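Chemist: Have a look at this prediction, sequence included:
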Amino acid sequence: MSKVLQNQLAKTIKEQGDVARDMAIAELKDLKKDLLELEKALTTKKTPDQGLLMDISHGAFELFRTASIVLETDNLQIQLQSAVEEGRDLEYLERKGAMLLTKPEGWHWFSPKGEMLFLAAPGETHLAAQRLQERINRKTPAKPAPKPQPAPTEA
């Protein structure tokens, strides 16, 4: 998925969540007013209006619906971010030549010297990418400088 498409998708999900959040807050304020009105009616021992009871139950349902949308969009944003990170790690592993093997099971990488290195278990793509990056970026110890040969002395 391209970066532009990812950003657009995240933006759309966030906008939907923000709209639902605004609707839920407005519905909550209306519900509070209706509940206060019902409390006044009940404390003065008046019979509450049937329409008021319907407004309260309808408002509670709308609050549930819009709040559910807010929670779902938040969850979708988290899942989208996680999927983007996993895709980035997978792309890195493939670009660097790591392979997901079945026997021996897990992520493995073959060094330029031909040795097979275990990176991580099959479900741990992020860990495998981290280990590969550490392995590739680590500095090889410098070879000790050759000792200078003493100059031949003439007798």
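Modeler: Looks like it came in fine. Numbers count the residues shown, from 1 in each chain.

Chemist: which element follows the single longest helix found in the chain toward the C-terminus?
Modeler: When the chain is parsed with DSSP state H, its longest helix is helix 50-95. Using DSSP states H and E, the next helix or strand after helix 50-95 towards the C-terminus is strand 99-102.

Chemist: buried stuff in that next one?
Modeler: residue 100 (16 or more other C-beta atoms under 10 Å). Using the backbone N, CA and C atoms, a C-beta is placed for each residue, glycine as well.

Chemist: Repeat that for stretch 52-71.
Modeler: By neighbour count with 16+ other C-beta under 10 Å, stretch 52-71 contains the buried residues 55-56, 59, 62-63, 66-67, 69-70.

Chemist: okay if I get the residues you listed as TSV plus pLDDT and distance to residue 89?
Modeler: Output for the buried residues of stretch 52-71, formatted as TSV (pLDDT from 0 to 100; distance: C-beta to C-beta, whole Å):
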residue	pLDDT	distance to residue 89
55	92	51
56	92	50
59	93	45
62	94	41
63	94	39
66	94	35
67	94	34
69	94	30
70	94	29
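
Chemist: Could I get those in JSON lines, plus columns for distance to residue 35?
Modeler: JSON lines is the format used below for the buried residues of stretch 52-71 (distance: C-beta to C-beta, whole Å):
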{"residue": "55", "distance to residue 35": "10"}
{"residue": "56", "distance to residue 35": "7"}
{"residue": "59", "distance to residue 35": "9"}
{"residue": "62", "distance to residue 35": "14"}
{"residue": "63", "distance to residue 35": "12"}
{"residue": "66", "distance to residue 35": "17"}
{"residue": "67", "distance to residue 35": "16"}
{"residue": "69", "distance to residue 35": "22"}
{"residue": "70", "distance to residue 35": "21"}
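
Chemist: nearest to residue 14, of these?
Modeler: Closest approach between those and residue 14, by C-beta to C-beta: residue 70, at 11.0 Å.

Chemist: count of residues packed around residue 89?
Modeler: By the criterion of other C-beta atoms under 10 Å, residue 89 has 19 neighbours.

Chemist: Could you shift the numbering so residue one becomes 165, and keep it that way?
Modeler: With 165 as the first residue, the last one maps to residue 253.
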